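> Got a sequence here, can you model it:
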Amino acid sequence: MSRIGKLPVKIPSGVQVDVRDHTVTARGAKGELTRTLHAEMRLEVQDGAVLVARPSDSKLHKSLHGLTRTLVSNMIEGVSKGYDKQLELVGVGYRASRQGEAVVLTVGYSHPVRYPVPAGITIEVPEPTKILVRGADKELVGQVAAELRKVRPPEPYKGKGILYKGERIRRKAGKTGKTTGTGAK
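Numbers count the residues shown, from 1 in each chain. Have a look, this model is predicted:
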């Protein structure tokens, strides 16, 4: 039995979970999420918890068991608490600002980069060098944060770029001065 898959997912107060034909819908304070899961996994809501069962002990069913339970757990946590990712801009003149339904990044290019905010995500810029990505869908929050980071990934020589909060960049030594070769006359 899967150690993760066999655990019931508790439904907190204020969250409603509906299961119909392998489609799970979770509604809560932070929004509503719907996801269609693998047809062979059995889901049921009992005693304020969601239970996931697998039909057999085949390798496919074992791998889907824990995955399905984790996806349902992430949905429930997302609609009750929400998820967030923080990004930091490191570099002279690097800054971000919110303009309407887009984030404008000035990160060393000859032009500012506009990133439109997708539906279901809120992006805040509390300081010019900090970006906060929030939403109910864990996957979408991570994807948006990764796309923002991809605009100017951190480089290993000076450490400039867009980093996740707390991320450490392994620094490389730059080129040293001119070396004298042997055998020159």
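
> Can you classify the closest residue to residue 85 other than its chain neighbours as helix, strand or coil?
The spatially closest residue to residue 85, leaving aside those adjacent along the chain, is residue 145, at 3.9 Å (CB to CB, 6 or more residues apart in numbering). C-beta: built from backbone N, CA, C; applies to glycine. Here residue 145 is helix, with the state taken from DSSP: H, G, I helix; E, B strand; the rest coil.

> And residue 72, by the same measure?
Applying three-state DSSP: residue 72 is helix.

> surely it meets residue 8?
No - in this structure, residue 72 is not within contact of residue 8 by CB atoms under 8 Å, at 10.2 Å.

> returning to what we had before: confidence score at the residue nearest to residue 85?
Per-residue confidence (pLDDT) for residue 145: 97.

> State the number of residues packed around it.
Residues lying near residue 145 (other CB atoms under 10 Å) number 22.

> ok, now the one 3 residues further on?
Counted with other CB under 10 Å, the neighbours of residue 148 add up to 21.

> Whichever helix or strand it is part of: which residues count as buried?
Element membership of residue 148 [criterion: DSSP states H and E] is helix 138-151. Within helix 138-151, the residues scored as buried using 16 or more other CB atoms under 10 Å are 138, 140-141, 143-145, 148-149, 151.

> after it, next one along is what?
Counting by DSSP H and E, the next helix or strand C-terminal to helix 138-151 is strand 161-164.

> partners of that next one, with directions?
In the sheet, strand 161-164 lines up against strand 83-90 (antiparallel) (DSSP bridges).

> Pull out the buried positions in the strand it pairs with.
Result for strand 83-90 [16+ other CB under 10 Å]: buried residues 83, 85-90.

> Same list, the residues you listed, but as CSV with distance to residue 174 and pLDDT please.
Below are these laid out as CSV (distance: CB to CB, whole Å; pLDDT from 0 to 100):
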residue, distance to residue 174, pLDDT
83, 38, 96
85, 31, 96
86, 29, 97
87, 26, 97
88, 23, 96
89, 22, 95
90, 17, 94
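
> shared neighbours, residue 72 and residue 8?
Between them, residue 72 and residue 8 share these contacting residues under CB atoms under 8 Å, 6 or more residues apart in numbering: residue 50.
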